[in-house]
Every structure is written in C-alpha cells, then in structure tokens.
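Chemist: structure of the sequence below:
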Amino acid sequence: VQLQACGGGLVQAGGSLRLSCAASGHTFSTYAMGWFRQAPGKEREFVAAINWSGGTSRYATSVKGRFTIARDNAKNTVLLQMNSLKPEDTAVYYCAADRNYYSDSYSDWGQGTLVTVSS
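Modeler: Numbering: from 1, shown residues only. This is a model prediction of the structure:
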C-alpha cells in the first residue's frame with residue numbers, strides 16, 4: 001500500500017494539529033496503521049497504532065491522553081489528532097502500514113510530514 005502523509009506545520013505549545021495519511025489500493029482495510037516520529041538527532045519512535053477495523057488502538061506513553069488515532073476505511077485514510085502539543089513533540093511524523101497490529105517493523109511507509117512546536 002502506498003501512503004501519503006500531510007498536515008504538519010508550525011504550532012505554538014499547547015496548540016493542536018491533525019495529521020492525515022491517505023492510502024492507495026483496495027486492501028487498506030486489511031492493514032493495521034501506525035504513526036511514528038523522528039526528532040532531530042534521535043531514532044524513530046512509535047507514536048500510535050490502530051488495528052484494521054479501528055476498534056483497537058495503542059499509544060506511546062509520551063502521547064497518551066493527548067493524541068488520538070482514527071481511521072476511515074471508506075476513505076482510505078488514517079488520522080492523528082494531536083492536542084496539547086509540547087516542544088518535545090517536534091519531529092518528522094510518518095504513517096506506516098502492516099498486516100500485523102503488533103508489528104515491530106512496519107512494511108509500508110509514507111514520506112514524513114514535519115511538525116514543529118514552538119515554546
């Protein structure tokens with residue numbers, strides 16, 4: 001599946017952004033979807049994931065309660081609503097797809113979208 005992420009930008013601390021990831025192909029609804037991020041000078045880290053139906057999701061501890069992942073299988077999209085943003089949320093955010101909701105290495109990746117949170 002091919003993925004295209006968008007929605008990044010510059011926001012002040014405490015603000016909100018919503019990232020969107022559009023997927024191509026007819027098998028989107030069979031994939032678990034995830035969001036990852038990579039801050040400058042740091043390794044890529046897991047942010048959130050959602051299973052194929054949207055009925056199950058999980059989050060990194062650092063974003064739990066502030067970020068929400070959702071999907072619309074009819075529109076082949078996955079969203080990441082980010083609230084109460086902090087400067088440490090600044091990173092390039094990537095969406096990814098895999099058949100396995102619990103995968104440690106997602107198979108398909110989109111290009112990143114930059115989120116910058118100013119203090």
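
Chemist: can you pull up the bridge partners for the most centrally placed residue in the chain?
Modeler: In the chain, the residue lying closest to the centroid (Cα atoms, centre = their mean) is residue 35, at 2.6 Å. Beta-bridge partners for residue 35, by DSSP bridges, are residue 48, residue 95.

Chemist: how much space separates it from residue 119?
Modeler: As judged by Cβ to Cβ, to the nearest Å, residue 35 and residue 119 stand 23 Å apart. The C-beta positions use only the backbone N, C-alpha and C, and glycine is treated the same way.

Chemist: show me what contacts residue 9?
Modeler: Counting by Cβ atoms under 8 Å, 6 or more residues apart in numbering, residue 9 makes contact with 17, 114-116.

Chemist: at 7 Å what do you get?
Modeler: By Cβ atoms under 7 Å, 6 or more residues apart in numbering, residue 9 lies in contact with residue 17.

Chemist: beta partners of it?
Modeler: residue 115.

Chemist: so how far is residue 45 from the residue nearest to residue 49 when sequence neighbours are not counted?
Modeler: Take residue 49 and drop its neighbours on the chain: the residue closest to it by Cβ to Cβ, 6 or more residues apart in numbering is residue 34, 4.1 Å away. Going from residue 34 to residue 45 by Cβ to Cβ gives 11 Å.

Chemist: can you pick out the residue with more neighbours from those two?
Modeler: A count of neighbours by other Cβ atoms under 10 Å puts residue 34 above the other of residue 34 and residue 45, at 25 against 13.

Chemist: I'd guessed residue 35 sits against residue 50; true?
Modeler: No: checked against Cβ atoms under 7 Å, the pair residue 35 and residue 50 is beyond contact range at 8.9 Å.

Chemist: overlap in contacts of these two?
Modeler: The contact lists of residue 35 and residue 50 share residue 69, where a contact means Cβ under 7 Å, 6+ apart.

Chemist: can you give me the strands in the chain?
Modeler: Listed in chain order, the strands of the chain (DSSP state E) span 3-6, 9-12, 17-23, 32-38, 45-50, 57-59, 67-72, 77-82, 91-98, 108-109, 113-118.
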